[in-house]
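>>> Here's my sequence, what's the structure:
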Amino acid sequence: VRTIAGIAANGTSTFAHGLPSSPDFVFAVGAVTTASAVSAYMINALWDATNVTVQNSGEGPSPALRVVSVVAHSIIR
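Have a look, this model is predicted:
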């Protein structure tokens, strides 16, 4: 689990996930805000065996994000 303060429009943030293998799932959840104006943002997560990269490909800055990377022990496919 990693908390990112926020990402500017068209910006990225990369961090080492520290998991034993590539994550099966990565979730990025935005913080709730009570601001009167909300910017449009769209979050994408990309990952590999070492890092997770979170992209904001929207038109405005994102709020603080909580990013959860998960390696599942068993997946039914």
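
>>> Show me where this protein has its strands.
Secondary structure of the chain (DSSP state E): strands at 2-4, 12-16, 25-30, 43-47, 51-56, 65-70.

>>> now those as TSV including mean pLDDT?
Listed next are these as TSV, based on pLDDT from 0 to 100:
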stretch	mean pLDDT
strand 2-4	91
strand 12-16	95
strand 25-30	88
strand 43-47	91
strand 51-56	94
strand 65-70	92
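
>>> winner for burial among the ones you listed?
strand 51-56 (a mean of 19; mean count of other C-beta atoms under 10 Å). Every residue, glycine included, has its C-beta placed from N, CA and C.

>>> Send me that strand as PDB with only the CA atoms.
Taking C-alpha atoms only, strand 51-56 is exported to PDB below (Å, rounded to 0.1, in the frame of the first residue of the first chain):
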ATOM      1  CA  ASN A  51       7.500  -1.100 -10.200                       C
ATOM      2  CA  VAL A  52       4.100   0.400 -10.200                       C
ATOM      3  CA  THR A  53       3.500   3.500 -12.300                       C
ATOM      4  CA  VAL A  54       0.400   5.500 -11.800                       C
ATOM      5  CA  GLN A  55      -0.600   8.000 -14.500                       C
ATOM      6  CA  ASN A  56      -3.100  10.800 -14.500                       C
END
